[in-house]
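Peer 1: with the sequence up front, the predicted model follows.
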Number of protein chains: 2
Amino acid sequence: MSQEIEHTVQEFRQYVREMEHYQEALALMYWDLRTGAPKKGAALRSEAIGTLSSAVFRMSTSDRMEEFLNRLEDQRDALDPVTRAMLRECRKTFDRARKIPPERYHEYVVLVSRAESVWEEAKDKADFAMFRPYLEQIVAMTNEFVEYWGYRENKYDTLLDQYEPGVTVAQLDPLFDTLRQETVQLLNQIVASGRRFDDARFYRGYDAALQRKLSHYLLEQMGYDFAAGRLDETVHPFQISINRFDARVTTKFLSQDMRSNLFSTIHEGGHALYEQGVAEELIGTGLCSGASMGIHESQSRFWENIIGRSRPFWEANYRYILELFPSQFADISLDDFYRSVNDVRPSLIRIEADELTYNLHIMIRYEIEKGLINGQIQVADLPAVWRDKMQEYLGVVPENDGEGVLQDVHWSGGSFGYFPTYSLGNIYAAQFAHALARDIPDYWEQVRNRNLLPIKQWLNEHIHRSGKMLEPSEIVRKVTGEAIDAKYLIQYLKDKFTALYNL
Amino acid sequence: MSQEIEHTVQEFRQYVREMEHYQEALALMYWDLRTGAPKKGAALRSEAIGTLSSAVFRMSTSDRMEEFLNRLEDQRDALDPVTRAMLRECRKTFDRARKIPPERYHEYVVLVSRAESVWEEAKDKADFAMFRPYLEQIVAMTNEFVEYWGYRENKYDTLLDQYEPGVTVAQLDPLFDTLRQETVQLLNQIVASGRRFDDARFYRGYDAALQRKLSHYLLEQMGYDFAAGRLDETVHPFQISINRFDARVTTKFLSQDMRSNLFSTIHEGGHALYEQGVAEELIGTGLCSGASMGIHESQSRFWENIIGRSRPFWEANYRYILELFPSQFADISLDDFYRSVNDVRPSLIRIEADELTYNLHIMIRYEIEKGLINGQIQVADLPAVWRDKMQEYLGVVPENDGEGVLQDVHWSGGSFGYFPTYSLGNIYAAQFAHALARDIPDYWEQVRNRNLLPIKQWLNEHIHRSGKMLEPSEIVRKVTGEAIDAKYLIQYLKDKFTALYNL
């Protein structure tokens, strides 16, 4: 490598590192706004966030960036793998932004910002007609942008690629088809069994301080490093990384039901372990984070569902629940508890869905998005399409659009392509669990012994370390030796719920 | 005003507003680092702070800024008062930075950053010789910078001006001379009286949650707006403004002595009231903050000392202390309590000094700084000079330099000119209190009735509103009709301690 190129690499890396510093400030401002910033300061805070976001956007699309990209891409083969991956990521962001005429992009930003407020009102009023013209415009502009960005087989691929690099409709369709069919079949058996679990006894009042203690206990057991993170309380739990050694989580202490906190903590903790596990040499490269939304979700779902809703986990930990809340759980057996956190019940709202039916909610959204982008479904038909699919897959139908097609914020923000990553997360999680069992055959024994460290270390080594160096399918291939495959998730769900419901 | 100029004003204001957004991010990053950021993330955080600080520095010294300044200064008379004040502030920052050759400035930054670490070790080891070469270099470079910046009468004026715009040695010398002489005389009388107060009974253990409750009670009484701020705990209490509607305070809950929290809360609360009281139309102008260090300190000292250590205040509030800590204060009378928070005792450490002797600690530092900058005192002589002055003014002498000349961080950071603002704060505070008594003759009666609102409103209107629009002496003149004068502080101290010590 010539000295000149080496110098350019240094400059490029310094430039990207500084962008990461801006992102750190933005992440902290966002975290603070959601955890404890005084209400009256929020409007000015949003302005400040706007200024810094624009600065990062300008840096990522600047002429200087273009120069870096052009100069270094010419020398790709001479570069180290990290710099190559940095180029790939920066090029993607650069092209995404620069291929859209600035005035069109500006119109789009104004549109979605207005659409989000309208959506909020429309949802409250269950008035789809109110939201419809906005959604039509968003779909139209999204289509226009896809034309600018270009696509190979399916226009929707270009949107998917934003959240799950490299994953296509051609891959997803068969995966999701089997998953949907098998899930519907299993769900029908469960519903037909007539077995319902009454959890009225669980709503008994739980002290927030004790719930906080429980969250600490769970995170510590998972191997979360509190010296490189912190736990706070918010209405909507989330995980956010301020920097490589500062991966924060939040949870929510409902006074009536402690299970919400339980699984929020484990879920967000799963995300945080990912962020705390990326190789330190990726600091400052823009690659020091999760590979994709789906891989990220695989980590939270693995911990929340596969570990956190397993019987071995509660064999090990239920005694601690009893210790913290002796009166509330005096008449609840380990089996009842295990049963209560795995209750299957077709319902209307995605974010309240159980582990099994959750994916059906995603299927509906995936099919609608694909149809909208490829012109097979019209926005005007959404309420009817929604009801039909709910009836077909879940057997329940919303009484109004507020608890139907209007329930999620995503489309009002133009985030088409995001929903599938939730189910991909579940698919990856089960596939990783299969590989884990291959590498650590007695891992359930370890869970029973409250020894989660080997699992965390395995995830660190096989999934977390590489950060954004690899694409999702490369990670799956590397870890499992196979392509992305839904069969492990299907088998896992069958095994679990057949046993639970004596099918 | 021509349309072109109007357009430049708009651009200039937008530019300054964006700088304020960067400052908001920096303030939050700093606050977070001191209140709750995980330890392991601190090194990366410092890097990010460095990047954003450099960005602000570049903006404030850019060619674009120079263009704004040159174009608009030509049209000063046509501009509104706010834009004029913005120009004045931006010009000051611009000149300060651009008059120093960049490589010299860089050397200076490296020097003080190293000096701060050396100072810390030197202080711990009480080894002045270790710190001496660094301090010599800092003094030499400071002198060099003063030559670049220029000065009229006294080189030290240029340094003072950084913290207390417009205030000069010619003004300070007579103020401080009288204050010092009168204070020493009063102190000698107190010491001669032989009256000592034993506060051993106060060290009784205080629950942190109750101390927090006390802090909330005090801040609410002062009129602090919790919807535009928040209270946290830190080792060293401070106040920081994130934006106009986000003025945060911190305090410290010592388990052994609740008085530390008490006065930290009131002190930082006084700073915060200032920030919460600046006119909203100054948002985004760089003028939406305190006028100077001294005026800021006048607000914290007014609340902490003049109000918070007054008998009327405790006549109104001691019952609440008794309510919170009934067992600890059962055998302590209101008079004992009042006496305990006003105990005068010559001591070695500035930050632990009482209200009376505090200013003597400042006098010593002021005289040394002036001497160093004007070449009348050599760094090598500091330990001896320090001991002599301590003996002369306070009658106590440190056993080693760690608790003597090395006790403060300021000089290691090159902050010459900062110390006098502490005593100026006390002088202003007493002078403002005199004007307050003129405008609200029954204000002590209000304090007795736990009605602090009229006082807060008076401060808002007369001192806070104008932010950085006015210089300190202009504020004093506007509020009191007089020049800065120490006689009110002297009279206040005489009245208070003559009564307390039956002199």
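Peer 2: Thanks, I have it. Residues are numbered from 1 along each chain as shown, chains lettered A, B, ... in the order given.
Peer 1: chain neighbours aside, what residue packs nearest to A:Gly425?
Peer 2: Setting aside the residues directly before and after it, A:Gly425 is nearest to A:Glu297 in space (CB to CB, 6 or more residues apart in numbering or on different chains), at 2.6 Å. Bear in mind the C-beta positions are built from the backbone N, C-alpha and C, glycine included.
Peer 1: what about that neighbour, neighbour count?
Peer 2: When neighbours are counted by other CB atoms under 10 Å in any protein chain shown, A:Glu297 registers 27.
Peer 1: let me know the helix or strand that it is in.
Peer 2: Assessed by DSSP states H and E, A:Glu297 sits inside helix A:293-301.
Peer 1: which residues touch that helix?
Peer 2: A:163-164, A:167, A:239, A:267-271, A:273-274, A:290, A:418, A:420-422, A:424-429, A:432, A:459, A:463-464, A:472, A:475 (CB atoms under 8 Å, 6 or more residues apart in numbering or on different chains).
Peer 1: and the helix or strand encompassing A:Glu268, how far out from the chain's middle?
Peer 2: Element membership for A:Glu268 (DSSP H and E) is helix A:259-277. For helix A:259-277, the separation from the chain centroid amounts to 12 Å (computed by CA atoms, centre = their mean, to the nearest Å).
Peer 1: what do you get for stretch A:454-461?
Peer 2: 20 Å.
Peer 1: quick one: mean pLDDT over the helix or strand hosting A:Gln162.
Peer 2: Per DSSP H and E, A:Gln162 falls inside helix A:155-163. Across helix A:155-163, the average pLDDT comes to 98.
Peer 1: for chain B, what are the nearby residues on chain A?
Peer 2: A:17-18, A:20-22, A:24-26, A:28-29, A:32, A:36-41, A:43-45, A:47-48, A:50-52, A:55, A:225-230, A:242-246, A:283 (CB under 8 Å from any CB of the partner chain).
Peer 1: so which of the residues you listed belong to helices?
Peer 2: A:17-18, A:20-22, A:24-26, A:28-29, A:32, A:43-45, A:47-48, A:50-52, A:55 (DSSP state H).
Peer 1: emit the PyMOL select command for whichever of these are buried.
Peer 2: To isolate the buried members of these in PyMOL, using 16 or more other CB atoms under 10 Å in any protein chain shown:
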select buried, chain A and resi 17+18+20+21+22+24+25+26+28+29+32+44+45+47+48+51+52+55
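Peer 1: so what does the helix holding A:Gln162 touch, helix or strand wise?
Peer 2: Applying 3 or more CB pairs under 8 Å, 6 or more residues apart in numbering or on different chains; DSSP states H and E, one finds that helix A:155-163 contacts helix A:128-149, helix A:169-193, helix A:358-373, helix A:420-439.
Peer 1: in the first one, what counts as buried?
Peer 2: In other words, helix A:128-149. A:128, A:130-132, A:134-135, A:137-139, A:141-143, A:145-146, A:149.
Peer 1: could you identify the most distant pair in these?
Peer 2: Across these, the longest distance by CB to CB is 30.1 Å; it joins A:Met130 and A:Trp149.
Peer 1: now the spatially closest residue to A:Ala435 that is not a sequence neighbour: how far from chain B?
Peer 2: Excluding the flanking residues, the one nearest A:Ala435 by CB to CB, 6+ apart is A:Thr480, at 4.6 Å. In this view, A:Thr480 and chain B are 32 Å apart by CB to the nearest CB, to the nearest Å.
Peer 1: what about A:Thr480, neighbour count?
Peer 2: Counted by other CB under 10 Å, the residues lying close to A:Thr480 total 19.
Peer 1: same check, this time on the one 5 residues further on
Peer 2: Residue neighbour count, defined by other CB under 10 Å, stands at 18 for A:Asp485.
Peer 1: what is the mean pLDDT for the helix holding A:Glu268?
Peer 2: According to the model, helix A:259-277 has a mean pLDDT of 97.
Peer 1: name the residues of that helix that are buried.
Peer 2: Within helix A:259-277, judged by 16+ other CB under 10 Å, the buried ones are A:259-277.
Peer 1: next, the angle from it to helix A:293-301.
Peer 2: Helix A:259-277 runs at 120 degrees relative to helix A:293-301, counting by axes from the mean of the first three to the mean of the last three CA atoms, to 10 degrees.
Peer 1: could you say what helices and strands helix A:259-277 packs with?
Peer 2: Secondary-structure packing of helix A:259-277 (3+ CB pairs under 8 Å, 6+ apart): helix A:208-222, strand A:239-243, strand A:246-251, helix A:293-301, helix A:453-459.
Peer 1: looking at the ones you listed, which is nearest to B:Leu210?
Peer 2: helix A:208-222 (16.1 Å).
Peer 1: now the angle from that closest one to strand A:246-251?
Peer 2: For helix A:208-222 against strand A:246-251, the angle by the same axes, to 10 degrees is 130 degrees.
Peer 1: mind listing what's buried in helix A:208-222?
Peer 2: Using 16+ other CB under 10 Å as the test for burial, helix A:208-222 gives A:211-212, A:214-215, A:217-219, A:221-222.
Peer 1: using CSV, lay out the helices and strands packed on helix A:155-163 together with distance to B:Met1.
Peer 2: Converted to CSV, these look like this (distance: least, CB to CB, whole Å):
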stretch, distance to B:Met1
helix A:128-149, 41
helix A:169-193, 59
helix A:358-373, 52
helix A:420-439, 55
